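**Student:** my questions concern the predicted model and sequence given below.
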Amino acid sequence: MNLKDVQNTFHKELDPLYGKEEVDNFFFMLTDAFYKVSRLDLALNTKYAIDNYDAIEKALQLLKDEQPIQYILGETEFCGYPFKVNASTLIPRPETEELVEWIVKQQSALNKQQLHILDIGTGSGCIAISLAKKLPEAKVYALDISDKALTMSRQNAELNNVNVEFIEANILKSDTWNSNLENMKFDIIVSNPPYVREKEKKQMKANVLNNEPHLALFVKDENPLQFYKAIIEFSKSNLNSDGVLFFEINEFLGKEMIQLLVDNNFKDIVLKQDIFKKDRMIKGRKNNE
Ligand SMILES: C[S@@+](CC[C@H](N)C(=O)[O-])C[C@H]1O[C@@H](n2cnc3c(N)ncnc32)[C@H](O)[C@@H]1O
């Protein structure tokens, strides 16, 4: 057996599920990660053999079971930085990279020497750590309810060589954030909280639904803005007077989010679409007049 045979088996077993091109992408991500064999290596030596095929055969089974490739590899990339992921952390999405880029572009408007930034619901730490990389002067904090996610985000901060302070707290319970974050004021609070309604589950791909943490994804249909409301409440005591909130949002709830920020006296509200033209992020500045 050589790697070309394994590639053929991948196509036979997985093309119906993912399509030929995606299967090739997966195959070479795996050969690169496991054996340091690239697409070019295999093109130059079609009989390329390795000692032990266990790892790639196991990966084939996991892909057949629709496990996300990022969980199989145990890592992914976000804003060009490496991030470890496992079943306790949401896989960072490209839309969220756009949110980070937006914050980086906007932060100069705050005109501050050292920004204090808080990321709520940090998961893998992708937002907080990327901001810490891109804004080295900033002091970045991140919180999550999940201790398992925080274990991973701490590792990711180390992997990316940045200082982020991680805090375990439940943003829906003011007593837990009060005890952890009392007297801390931030210039920017950012969050990509759970926002998928139960009724939207049917439209989700099986590999997301069956593998990614539901704690990170879902909210009750009857209170889809629950997290945003709690964060706005938190911002009343913990966002500086000219501070800015940045949210990733459910594409179907843009109008409701504008209304929520208006009702809570935020100004300079901007709803922004992602590259797929979906209402995906919103910002608002605290209004203390
Ligand atoms: C949509 S994920 C976002 C993860 C990461 N920030 C990203 O953008 O990929 C939402 C995160 O919120 C966390 N979370 C859920 N309920 C929470 C709560 N009540 N308090 C704090 N964090 C919570 C989840 O553990 C999860 O990591």
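**Tutor:** The structure has been received and is ready for your questions.
**Student:** so where's the stretch 151-289 of the chain uncertain?
**Tutor:** Scanning the stretch 151-289 of the chain for pLDDT under 70 picks out the ranges 289.
**Student:** which bits of it sit near the ligand?
**Tutor:** Contact residues (CB under 6 Å from any ligand atom) of the stretch 151-289 of the chain with the ligand: 170-172, 192-194, 215-216. Every residue, glycine included, has its C-beta placed from N, CA and C.
**Student:** and the residues you listed, which two are furthest apart?
**Tutor:** Within those, 170 and 192 form the most distant pair, 16.7 Å apart (CB to CB).
**Student:** when the two are compared, which one has more neighbours?
**Tutor:** More neighbours surround residue 192 than the other of residue 170 and residue 192, with 27 against 14 (other CB atoms under 10 Å).
**Student:** give the contact list for the more buried one.
**Tutor:** Residue 192 makes contact with 96, 99, 121, 123, 127, 247-248 under the criterion CB atoms under 8 Å, 6 or more residues apart in numbering.
**Student:** if I look at it, how far off is residue 285?
**Tutor:** Distance check for residue 192 against residue 285: by CB to CB, to the nearest Å, it reads 19 Å.
**Student:** with residue 64 instead?
**Tutor:** Applying CB to CB, the value for residue 64 to residue 285 is 49 Å.
**Student:** go on, residue 152?
**Tutor:** Residue 152 sits 32 Å away from residue 285, going by CB to CB.
**Student:** now do residue 46
**Tutor:** Distance, residue 46 to residue 285, by CB to CB: 59 Å.
**Student:** can you check residue 51 too?
**Tutor:** From residue 51 over to residue 285 the distance is 59 Å, taken as CB to CB.
**Student:** repeat that for residue 71.
**Tutor:** Using CB to CB, we find residue 71 at a distance of 38 Å from residue 285.
**Student:** cool, residue 151 as well?
**Tutor:** Using CB to CB, residue 151 is found at 34 Å from residue 285.
**Student:** more neighbours, the two?
**Tutor:** Neighbours per residue, other CB under 10 Å: of residue 151 and residue 285, the larger number sits with residue 285, 20 against 14.
**Student:** which residues sit in contact with that one?
**Tutor:** Counting by CB under 8 Å, 6+ apart, residue 285 makes contact with 242-245, 266-269.
**Student:** the closest residue to it other than its chain neighbours: helix or strand, and which one exactly?
**Tutor:** Once flanking residues are discounted, residue 285 sits nearest to residue 268: 4.3 Å by CB to CB, 6 or more residues apart in numbering. Mapping residue 268 onto the secondary structure by DSSP states H and E places it in strand 267-273.
**Student:** ok, and what's touching that strand?
**Tutor:** 102, 244, 254, 257-258, 261-262, 279-287.
**Student:** ok, 6 Å please
**Tutor:** 254, 258, 261, 279, 281-285, 287 (CB atoms under 6 Å, 6 or more residues apart in numbering).
**Student:** ditto for stretch 231-241
**Tutor:** 120, 177, 185-187, 189, 191, 245, 264, 286, 288.
**Student:** can you check stretch 13-20 too?
**Tutor:** Residues outside stretch 13-20 that contact it (CB under 6 Å, 6+ apart): 23, 63.
**Student:** coming back round to it: in helices only, show me the residues of the stretch 151-289 of the chain next to the ligand.
**Tutor:** 215-216 (DSSP state H).
**Student:** longest strand of the protein, counting residues only.
**Tutor:** The single longest strand within the chain, with elements called by DSSP state E, is strand 239-248.
**Student:** next structured bit after that strand?
**Tutor:** Next along the chain after strand 239-248, taking DSSP H and E as the criterion, comes helix 254-263.
**Student:** isn't residue 199 up against residue 219?
**Tutor:** No: look at residue 199 against residue 219 with CB atoms under 6 Å: they stay out of range, at 10.8 Å.
**Student:** tell me which of these two has more neighbours.
**Tutor:** Each of residue 199 and residue 219 has its neighbours counted (other CB under 10 Å); residue 219 has more, 19 against 9.
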